[in-house]
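S.K.: Coordinates for the following, if possible.
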Amino acid sequence: MAITRTISCFVFIASITFVAAACDRPRHSDLGTPTGPSTSFPISPGTATIAGTLTAVSSTSPDLLLPRTLITVLINVTGTGIFATASPGGNFVLNGVPAGDIELHFVGPGIDAKATVGQVQNGDEIHVVVSVHGLRATLDIDKAESK
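M.R.: As a prediction, this is how the structure comes out:
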């Protein structure tokens with residue numbers, strides 16, 4: 001009986017030691033390896049400006065209680081912290097837009113649309129006229145390139 005208790009205590013202590021040692025090992029996230037996609041913003045912001053006007057906005061939500069003229073739309077430059085808000089017929093300005101092909105994301109009640117402004121250069125002043133219908137955005141682009 002004394003031998004059984006001694007063996008049981010030994011197994012118990014060995015198990016606790018093993019678990020403690022395993023808990024003391026660095027976790028995967030402590031090793032500096034990425035655990036998912038990066039959502040970092042550009043290190044140096046651009047110098048382009050995109051100014052726009054919403055001329056038409058409609059929602060895909062049949063239960064939308066707001067009149068269309070009161071729908072507020074958030075406009076975001078995808079992958080950055082650059083955003084603005086606008087109401088239908090309202091204006092918006094996005095400053096510090098980086099160079100490259102820029103994706104604008106329009107979000108509001110019953111609205112989740114994206115559209116691309118291509119070949120943006122630093123210093124560009126771009127004006128867009130936007131029509132948003134649920135999941136679809138149409139842009140008319142007037143681009144005054146930097147000098």
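S.K.: Please verify my assumption that residue 71 contacts residue 106.
M.R.: No - at 10.8 Å, residue 71 does not count as touching residue 106 under the criterion of CB atoms under 8 Å. Where C-beta positions appear, they are placed from N, C-alpha and C, glycine not excepted.
S.K.: out of the two, which sits in the more crowded spot?
M.R.: Using other CB atoms under 10 Å as the criterion, residue 71 and residue 106 rank with residue 106 on top: 24 against 21.
S.K.: Just list the residues touching that one, thanks.
M.R.: If a contact means CB atoms under 8 Å, 6 or more residues apart in numbering, then residue 106 has 73, 74, 75, 112, 113, 114, 115, 130, 132, 137 as its contacts.
S.K.: Can you flag which of those residues belong to strands?
M.R.: If you go by DSSP state E, those have 73, 74, 75, 112, 113, 114, 115, 130, 132, 137 in strands.
S.K.: In contact with the fourth one, which residues are there?
M.R.: I take that to be residue 112. Contacts here follow CB under 8 Å, 6+ apart; on that basis residue 112 touches 105, 106, 134, 135.
S.K.: What is the burial count for the first one?
M.R.: So the one you mean is residue 105. Using other CB under 10 Å, residue 105 is surrounded by 16 other residues.
S.K.: so residue 55 touches residue 131, yeah?
M.R.: Yes - if you go by CB under 8 Å, residue 55 and residue 131 touch, sitting 5.7 Å apart.
S.K.: anything in contact with each of those two?
M.R.: The contact sets of residue 55 and residue 131 do not overlap (CB under 8 Å, 6+ apart).
S.K.: Double-check that residue 122 belongs to a strand.
M.R.: No - using DSSP: H, G, I helix; E, B strand; the rest coil, the assignment for residue 122 is coil, not a strand.
S.K.: Quick check: chain neighbours aside, which residue is closest to it?
M.R.: residue 47 (4.5 Å; CB to CB, 6 or more residues apart in numbering).
S.K.: Show the model's pLDDT score for the one you found.
M.R.: What the model reports as pLDDT for residue 47 is 93.
S.K.: That one reaches residue 125, doesn't it?
M.R.: No - Residue 47 is not in contact with residue 125 according to CB under 8 Å; the separation is 10.1 Å.
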